[in-house]
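Q: pasting a predicted model and its sequence here:
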2 protein chains.
Amino acid sequence: MYRKEIKVIDCTIRDGGLMNEWQFSDEFVKAVYNSLVEAGVDYMEIGYKSSEKAYSREENGPWKFCDEKDLRRIVGENKTALKLSCMADIGRIDFADIQPKKESVVDMIRVACYVHQMDKAIALAEHCMDKGYETTINLMAVSKVNERDLDEALSDVAKSRVPALYIVDSFGSMYCEQIELLARKYFKAMPDKVIGIHAHNNMQLAFSNTITAIIEGCNLVDSTLLGLGRGAGNCHTETLLAFLKNPKFKLKPIFQVIQEHLIPLQQKIDWGYHIPYLITGMLNEHPKSAMEWMDSDEKYNFVKFYNSMTETPF
Amino acid sequence: MYRKEIKVIDCTIRDGGLMNEWQFSDEFVKAVYNSLVEAGVDYMEIGYKSSEKAYSREENGPWKFCDEKDLRRIVGENKTALKLSCMADIGRIDFADIQPKKESVVDMIRVACYVHQMDKAIALAEHCMDKGYETTINLMAVSKVNERDLDEALSDVAKSRVPALYIVDSFGSMYCEQIELLARKYFKAMPDKVIGIHAHNNMQLAFSNTITAIIEGCNLVDSTLLGLGRGAGNCHTETLLAFLKNPKFKLKPIFQVIQEHLIPLQQKIDWGYHIPYLITGMLNEHPKSAMEWMDSDEKYNFVKFYNSMTETPF
């Protein structure tokens, strides 16, 4: 699938940080950065922009906040073709926390919201644009949004200045036919905007749903190295680049950072496909109950977890 | 996806045996059998029918041969709704090794072949039908077959009495669009036959390719518990049943056998997605070089393996 408009956003640090409270070593973050530069990836989402009023520094590492000094310790002035992205959660950041682009090495701020927060997300995203950033809105948990609310949200984005909107399968609960339906709906509502895909791997469909979205015309594509991310993780950067075949992408630096940094991390943090994540995915539920289960002594008692989620003796 | 014609063939023992030379304990095989019966799965492929002239008993466990006495030790007379299947490889079995159905608890014999063996496969499959068995032909490694040879093979099957043919992605190298093309080609060549899908997970697409095949009308669907199978493994039975939603299927017995038997086995045998399997999949190559790599001390030197496979310094 060669289409030069496709941009890959590697979210390894941002989404992976949900598994370790963004307590990555500088060495790890630098290795990811260097490999993405070498591999020709378009964007690195290096963390969240968050207010210290919302989260404590004691519980969260630097990539929950993405202060300029922390960023520059890794990327310097970032004189590379790799653009840097941060995510901002509605309600976890003030407008005043967004500094002018000319003072920052960040290129893009992606605003994450639930459907009832869409008006606030548009306002924040347009504020980021006014400060000089590229921006997107990432409408989370779309698998739980009813049709009327979704249509209204899409109409609001269509009328806004925000150039890009994501389909986000937060619960990893969607199949190809649902991705197709959403992609067509998004494009119909906003033919001039760029549409993105962010998929989770609860049912081992993150990569294939990403392919489906690409076939439907989505040009912003999220992935993480070895799928590192919350719970079952994400679409893998290495499978995605292997599929895209765009000559600008190089696989070797990706394999290198995986063998040197992701494989050792996998000994400490257990992300990826596990039965409890399948169960929340198939039930279209938030993975937090599965993540708690995976942290408990009953991790491998799948039947008990399934019973607790379905509340049925059958 | 509810379609009552869809039949699930669990190949855990047959395909999984490629990872341990079919040296499963009777307890393991019985547990798989019992769980499939309880779960309402349609077929259990319990092993290969092979000639002792082709394989040694010392190197291979009983499920490489599937003698009647071994089968009955597990299933008795199999007075259940679960049908039993064995696979027969062309060149590894004589016609004389196929006993009459009335002397066997096996219900189905699936003939596996490469495209140049199709005439022999049809002859063996029709021989199995004459002996009283259900049968299919599983045309392996179709991702390496050129269009002319494939069209001729399909034409031969169309003219035969064999009722079913499989699309087999032996190398785990195919994407949804290739599955769609093949499914449409198979159906066009033989509108009255049943088409099956057997997918491998090298690129994490075994389940999604199976869904694509189902959407295209394939009604014989292979899977294994927790994906146990050669190299990257197979489409997972648990994700497949969760998707199918047919009320005859029960997930709980599947989760039970996974937690009690597959998870402990996973500590000993390392199947599933790994970078070397991705590399052979993306290159459309047999996984044997990746399997050897995964057994070596250099298992995690992905860059070296990639270099050896691509023979390029870039």
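A: Yep, that arrived. Note that the structure is predicted; figures quoted are calculated from it, not measured.

Q: just give the nearest non-adjacent residue to the closest residue to chain B within chain A, would you?
A: When distances are taken as C-beta to the nearest C-beta, chain A approaches chain B most closely through A:S208, which lies 3.1 Å from it. Glycine gets a C-beta too; all of them are placed from N, C-alpha and C. With C-beta to C-beta, 6 or more residues apart in numbering or on different chains as the measure, B:S208 is the residue that lies nearest to A:S208, at 3.1 Å, once sequence neighbours are left out.

Q: and the one you found, which of the three is it?
A: Taking DSSP: H, G, I helix; E, B strand; the rest coil as the rule, one finds B:S208 in the helix state.

Q: and for it, the neighbour number?
A: The local packing of B:S208 (other C-beta atoms under 10 Å in any protein chain shown) involves 29 other residues.

Q: give me the pLDDT for it.
A: In the predicted model, B:S208 carries a pLDDT score of 98.

Q: any idea how far it is from B:G172?
A: When distance is defined by C-beta to C-beta, to the nearest Å, B:S208 is 12 Å away from B:G172.

Q: I'd say the residue nearest to A:S208 and A:A206 touch.
A: No: no contact is recorded between B:S208 and A:A206 when judged using C-beta atoms under 8 Å, the distance being 9.6 Å.

Q: quick one, what contacts the residue nearest to A:S208?
A: Remark: with contacts taken as C-beta atoms under 8 Å, 6 or more residues apart in numbering or on different chains, B:S208 is in contact with A:176, A:204-205, A:207-209, A:211, B:176.

Q: on that earlier part again, what's the separation between the residue of chain A closest to chain B and A:F187?
A: In this structure, A:S208 and A:F187 are 20 Å apart, going by C-beta to C-beta.

Q: do the same with A:K288
A: Computed with C-beta to C-beta, the distance linking A:K288 and A:F187 is 32 Å.

Q: also A:K250?
A: For A:K250, the distance to A:F187 under the criterion C-beta to C-beta works out to 31 Å.

Q: before we move on, what about A:V221?
A: Using C-beta to C-beta, one obtains 15 Å as the distance from A:V221 to A:F187.

Q: quick one: which of those two has more around it?
A: Neighbours around A:V221 and A:F187, counted as other C-beta under 10 Å, are more numerous at A:V221. The numbers are 26 against 16.

Q: A strand includes that one, no?
A: Yes: remark: A:V221 belongs to a strand, assigned using three-state DSSP.

Q: these two touch, right, it and A:K7?
A: Yes: here A:V221 reaches A:K7: they are 6.9 Å apart, a contact under C-beta under 8 Å.

Q: up against chain B, what does chain A have?
A: Those residues of chain A that sit near chain B, judged by C-beta under 8 Å from any C-beta of the partner chain, are A:175-177, A:201, A:203-209, A:211-212, A:215, A:236, A:238-239, A:242-243, A:250-252, A:255-256, A:258-259, A:263, A:275, A:278, A:282, A:300-303, A:306-307, A:314.

Q: are any of these buried, and if so which?
A: Neighbour-count burial (16 or more other C-beta atoms under 10 Å in any protein chain shown) is assigned, among the residues of chain A next to chain B, to A:175-176, A:201, A:203-209, A:211-212, A:215, A:236, A:238-239, A:242-243, A:251-252, A:255-256, A:258-259, A:263, A:275, A:278, A:282, A:300-303, A:306.

Q: in strands only, show me the residues you listed.
A: In strands, defined here by DSSP state E, there are no members of those.

Q: in three-state terms, label A:I93 for me.
A: At A:I93 the chain is in coil, as set by three-state DSSP.

Q: for it, which non-adjacent residue is spatially closest?
A: Nearest non-adjacent residue to A:I93 (C-beta to C-beta, 6+ apart): A:S51, at 5.1 Å.

Q: so the one you found sits in a strand?
A: No: residue state for A:S51 (three-state DSSP) corresponds to coil; a strand is not indicated.
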